[in-house]
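> return atomic coordinates for the entry below.
(one chain, ligands or ions: 1)
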Amino acid sequence: MTTNRLELLPAVDVRDGQAVRLVHGESGSETSYGDPLEAALAWQRAGAEWLHLVDLDAAFGTGDNRKQIAEVARAMDIKVELSGGIRDDASLEAALATGCRRVNLGTAALEAPEWVAKVIAEHGDKIAVGLDVRGTTLRGRGWTRDGGDLYETLARLDSEGCARYVVTDIAKDGTLKGPNLELLRNVCARTDRPVVASGGVSSLDDLRAIAGLVPEGVEGAIVGKALYAKAFTLEEALEAVA
Ligand SMILES: O=C(O)c1ccccc1N[C@@H]1O[C@H](COP(=O)(O)O)[C@@H](O)[C@H]1O
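Numbers count the residues shown, from 1 in each chain. Predicted coordinates:
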């Protein structure tokens, strides 16, 4: 169900215990922004309704930050979208046990389609799928491996009842080069499920442009680097899309 106002999801991506931002999702491109809990609490204090919380080590397969991620999720009064390394029953159960509002499945949607269909049927809108793309090719395992065609996978997930998609243009992610509005429009044209935009937001005008796609099915936007780089404040961002 889409709302009229664009939802904003400030991001806290955790690598090796630190809040970081990557460029194009590339391992080794990290800029560190300190303690993840402090970052998350700062976004909550600034008025966020959602937190997009990512275990990057689990996504890359370089370990995990599960205990710390659970502490952050549990400390939040706001809704949490949790992702990274949720690929089987045990990791899904652990993620949902944090009290998060929903989880985002990436690699599993590409490599374990039967399991994903099963958990969509079991958990409904607690499951979103992250469609992380280069061009129209999906990428999994920390965005290091090709995982099939965007629109074929979208059609399959739609038929299985997937409630929502988080669409990331990897070429834009962490670059402050503006969102891929064409990609968002194209995905919205192929599904009636809400879409959360991710990647490239650099300015309040970018957020206003994404907000202009709400009637087409965009429900929210993840904002990372721009907030950490202080291109604008979260308060200004919330005001811009109000
Ligand atoms: O958010 C990133 O910058 C990122 C970079 C590289 C890989 C993953 C990234 N993010 C999130 O990870 C999940 C996918 O994890 P998995 O494939 O399910 O283990 C995806 O939803 C992104 O939100």
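> so how far is the ligand from the nearest residue to residue 113 once chain neighbours are set aside?
Computed as C-beta to C-beta, 6 or more residues apart in numbering, the closest residue to residue 113 that is not its neighbour in sequence is residue 156, at 6.8 Å. C-betas here are computed from N, CA, C, even on glycine. From residue 156 across to the ligand, the span is 17 Å (C-beta to the nearest ligand atom, to the nearest Å).
> shouldn't residue 156 be within a helix?
Yes. In this structure, residue 156 lies within a helix as judged by DSSP: H, G, I helix; E, B strand; the rest coil.
> give me the neighbour count for residue 11.
Under the neighbour criterion other C-beta atoms under 10 Å, residue 11 is assigned a count of 23.
> oops, could you answer that again for residue 31 instead?
Using other C-beta under 10 Å, residue 31 is surrounded by 14 other residues.
> what's across from it in the sheet?
Residue 31 has the following beta-bridge partners by DSSP bridges: residue 21.
> how far away is it from residue 20?
Using C-beta to C-beta, to the nearest Å, one obtains 6 Å as the distance from residue 31 to residue 20.
> sorry, back to before: what pLDDT does the residue nearest to residue 113 get?
Reported pLDDT at residue 156 in the predicted model: 98.
> what's the spacing between it and residue 59?
The spacing between residue 156 and residue 59, counted by C-beta to C-beta, is 22 Å.
> same drill for those two, tell me which one is more crowded.
More neighbours surround residue 59 than the other of residue 156 and residue 59, with 27 against 15 (other C-beta under 10 Å).
> surely that one is in contact with residue 82?
No. Taking contacts as C-beta atoms under 8 Å, residue 59 lies outside contact range of residue 82: 11.6 Å.
> contacts for stretch 225-234, please.
Residues lying outside stretch 225-234 but in contact with it, judged by C-beta atoms under 8 Å, 6 or more residues apart in numbering, are 8, 10-11, 19, 21, 31, 33, 43, 46-48, 174-176, 201-204, 206, 223, 237, 240.
> which of these fall in strands?
Using DSSP state E, the subset of the contacts of stretch 225-234 located in strands is 8, 10, 11, 19, 21, 31, 223.
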